[in-house]
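K.L.:
prediction below, plus the sequence it came from.
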Amino acid sequence: MAALVASRHSPVLKALSQRLLLAGKPKKLALTVLMRKLLLLTNRL
């Protein structure tokens with residue numbers, strides 16, 4: 001759920017999501033990539 005909200009409101013993650021979708025990746029895959037990215041960002045804190 002957090003990845004879905006981030007894909008709409010975070011400029012960095014929104015750009016990543018759009019780039020993946022324009023490359024022809026499925027929406028579910030783009031969402032999974034965003035979930036992993038969020039996990040890595042939170043582990044950096």
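P.N.:
Sure, I can see it. Numbering: from 1, shown residues only.

K.L.:
what comes up buried for stretch 33-45?
P.N.:
Val33, Leu34, Met35, Lys37, Leu38 (16 or more other Cβ atoms under 10 Å). C-beta coordinates here come from the backbone N, C-alpha and C atoms, glycine included.

K.L.:
now do stretch 11-21
P.N.:
Using 16+ other Cβ under 10 Å as the test for burial, stretch 11-21 gives Leu13, Leu16, Ser17, Leu20.

K.L.:
in terms of pLDDT, where does the last one sit?
P.N.:
Yep, that's Leu20 we're talking about. Listed pLDDT for Leu20 reads 97.

K.L.:
please report how far it lies from Leu40.
P.N.:
Going from Leu20 to Leu40 by Cβ to Cβ, to the nearest Å gives 16 Å.

K.L.:
same question for the first one.
P.N.:
Distance, Leu13 to Leu40, using Cβ to Cβ: 12 Å.

K.L.:
try Arg19
P.N.:
17 Å.

K.L.:
do Ala6 as well
P.N.:
In this view, Ala6 and Leu40 are 13 Å apart by Cβ to Cβ.

K.L.:
for the chain, which helix is longest?
P.N.:
Ranked by number of residues, the top helix in the chain under DSSP state H is helix 27-44.

K.L.:
run the chain-centre distance for that helix.
P.N.:
5 Å (Cα atoms, centre = their mean, to the nearest Å).
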